[in-house]
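Engineer: could you work out the structure for the sequence below:
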Amino acid sequence: MRTITIDFLSVFGLMIAYNTVIADDGVMIENDFFRDTLDTFDDDTVDNVTEPACDIIATNPNPCPCQCLSDSLICCNLDNTSPLPKGQCDSYNCSATEITLLNCQLHSTVINRQFILSLGWRQSRLRTLRLRNCSISDTTFGSGLEGLRVLDLRGNKVDAFREPELEMLDSIYLSGNNWPCIDPSKEKRFRSKSNLIFGEKMSWLLDMYWNERWIDRKLTFCNLDDHLQSVEEEIVKKHSVESFLQFTKKTNSTCPALCDCEVADETIKFTLEDMSKYKVNVVCTDLGLTSLPSRLPPDTIYLNMANNQVSSLDLLSNLNPDYKSIERLILTNNSLKSMQGLENSWLQRNGPVLLDVRDNFITQLDTSALESMLSKASINTESNYFFAGNPWSCNCQNIKTIQEFLEKYSSLIMDTEHMHCSDCECTLLHLDYKEMCTKDHDYMIWVILVEAILLVAIMLKLTWDCVRYRRTGHLPWVARHLCWSVPGISRGRWTSTLPSMCAQGEQVIGQEVT
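Structural biologist: Take a look at the predicted model:
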């Protein structure tokens, strides 16, 4: 009888050539990147077992889901929800130095010496642990595996997991996986695409110990599958996990205390060499803060400071570099009394897409500072500005300018109908300028009228005095009682000269008339 030997290495090589990975439901899924990544490594420990091995194990009458083959122990379809009964695989007494787990559910599983022993392994030194097509999340590679040198986690369904407790490891492989760096399905703030929890949990990979042992870090990428639906986000698939971890570390180090910093919802564009193209959202709502953050992560485009006690925008002034990229600023329900600080800021220079200062204590609408800002913002059809809920000052000096400004940018200012004057509780936009300012100047009309009447009375009195003096020779009462004397001229001489002076005056007037 001829003995047939199955070369598992050849079989797996054939499977890679066909460019497939087998999912839990048995569907064959194309994955060129998985093939290319594995082909990159010319290592004896890579992929010497395949899916057909699980078919062989399934036909084995032994209830143990493992098979000991020479120096390798292969286990299939392990499930953390259904632990192996104690002693089920004891009959193998396998002395393998390599263990491969296929098609396993290992969520929140602790893979330590006790776990390995339950698979029928009895060797004192385990050198290689390999997982293929397994679900790995919140998994712990624990203690008791002192001899382990290679941890190969390529080609799995992965999420963040804890730092392995492996002090003697030589190499770890993580490529060929769908690492969920950007995961819109996870909890996040409004206008954010993803939180940074994955980057925080996997930050241990940036430590020198792991960075030296992470052999395929340049080929370990984020989001290999199509769960990001937008066509514009195809480039996300080419972003390395390492650069995302660096981005997370840098963002968290500059994130304001108590605030949440996340990946912005805007289209993400970047290259492998440039991780700074990730955009950042900073949310600091309902924290009782009295000022704007003094420092922001690089490329912060969205800052939400709603429901605090911010009283000044001075940190925006002098072209503060931390606010250079701000496109959306929300300051709803704070303690602002003015918008001073905008006039020399990046917001004024760039024209933000969103500015919301509703429900503050601002009285003056500084149209000169806002003019440049809104003029630039008008280019973007998505731009929105909100100013309602403030006690706006309305007077004859500013009302006309403000109304013209609101009408000019009515397509950008979304709440002009709800902006009210503090004095009259009337809508600022529809306040009648002529009626308001005419009413304010009614008292001037009476002053002018009184002055005109007094002037006419004086002229009449002067005319009467001249006529009376001509007829009777009597001087006006003022001349008789108040003009007692003129320096250098006696009273008698002064009064005696008046008739001749008046007569001369009348002659001059008569000549001018003729």
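
Engineer: which residues of the stretch 1-150 of the chain fall in strands?
Structural biologist: Using DSSP state E, counting those that start in this stretch, the strands of the stretch 1-150 of the chain run over residues 20-22, 28-30, 66-69, 72-76, 98-102, 110-111, 128-132, 135-136, 140-141, 150-152.

Engineer: for the chain, longest helix please?
Structural biologist: Criterion DSSP state H: the longest helix present in the chain is helix 442-472.

Engineer: hmm, back to that, which one of the strands of the stretch 1-150 of the chain lies nearest to Ser253?
Structural biologist: Nearest to Ser253, of all those, is strand 140-141, at 26.8 Å by Cβ to Cβ. C-betas here are computed from N, CA, C, even on glycine.

Engineer: against which helices or strands is that closest one packed?
Structural biologist: strand 110-111 (3 or more Cβ pairs under 8 Å, 6 or more residues apart in numbering; DSSP states H and E).

Engineer: measure the spatially most central residue of the chain to Cys222 for me?
Structural biologist: The residue lying closest to the centre of the chain (Cα atoms, centre = their mean) is Asn281, at 2.1 Å. To Cys222, Asn281 is 18 Å away according to Cβ to Cβ, to the nearest Å.

Engineer: touching, Gly142 and Glu165? I think so.
Structural biologist: Yes: contact criterion Cβ atoms under 8 Å: Gly142 and Glu165 qualify, at 5.3 Å.

Engineer: per-residue confidence averaged over stretch 249-257?
Structural biologist: For stretch 249-257, mean pLDDT rounds to 95.

Engineer: can you dump the C-alpha atoms of it in CSV for me?
Structural biologist: Written as CSV, here are the backbone C-alpha positions of stretch 249-257 (Å, rounded to 0.1, in the frame of the first residue of the first chain):
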residue,chain,number,x,y,z
LYS,A,249,-0.2,60.1,20.5
LYS,A,250,0.5,63.7,19.2
THR,A,251,-3.2,64.6,19.4
ASN,A,252,-3.7,63.3,22.9
SER,A,253,-0.5,65.1,24.1
THR,A,254,-1.9,68.5,23.0
CYS,A,255,-5.6,67.9,23.7
PRO,A,256,-7.0,70.3,26.3
ALA,A,257,-7.6,68.8,29.7
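
Engineer: contacts for that stretch?
Structural biologist: Contacts to stretch 249-257, defined as Cβ atoms under 8 Å, 6 or more residues apart in numbering, come from residues 196, 199-200, 203, 206, 261, 278, 280, 282, 284, 293-298.

Engineer: which residues does the residue nearest to the centre of the chain contact?
Structural biologist: For Asn281, counting by Cβ under 8 Å, 6+ apart, the contacting residues are 189, 191-192, 260-265, 300-302, 304.

Engineer: now do Ile172
Structural biologist: Per Cβ under 8 Å, 6+ apart, neighbours of Ile172: Val150, Leu151, Asp152, Leu153, Pro164, Trp210, Arg213, Trp214, Ile215.

Engineer: what does Cys284 give?
Structural biologist: Taking Cβ under 8 Å, 6+ apart as the test, what Cys284 contacts is Pro256, Leu258, Cys259, Asp260, Pro293, Leu303, Asn304, Met305, Asn308.

Engineer: recalculate using a threshold of 7 Å.
Structural biologist: Pro256, Leu258, Cys259, Pro293, Asn304, Met305 (Cβ atoms under 7 Å, 6 or more residues apart in numbering).

Engineer: next: Leu319.
Structural biologist: Asn344, Ser345, Trp346.

Engineer: how about Lys279?
Structural biologist: Applying Cβ under 7 Å, 6+ apart, the residues near Lys279 are Ala264, Glu266, Asp299, Ile301.

Engineer: pick out the most distant pair among the residues you listed.
Structural biologist: Farthest apart among the contacts of Lys279 by Cβ to Cβ are Glu266 and Asp299. That separation is 10.3 Å.

Engineer: what's the residue nearest to the centre of the chain sitting at in phi/psi?
Structural biologist: Main-chain torsions, Asn281, degrees, to the nearest 10: phi -100, psi 130.

Engineer: could you find the closest non-adjacent residue to it?
Structural biologist: Leaving aside its chain neighbours, Asn281 sits nearest to Tyr302 (4.2 Å; criterion: Cβ to Cβ, 6 or more residues apart in numbering).

Engineer: separation between the residue lying closest to Asp90 once chain neighbours are set aside and Thr59?
Structural biologist: Take Asp90 and drop its neighbours on the chain: the residue closest to it by Cβ to Cβ, 6+ apart is Gly120, 6.3 Å away. According to Cβ to Cβ, Gly120 stands 18 Å off from Thr59.

Engineer: compare those two (neighbour count), which wins?
Structural biologist: When Gly120 and Thr59 are compared for neighbours, Gly120 comes out ahead with 24 against 6, by other Cβ atoms under 10 Å.
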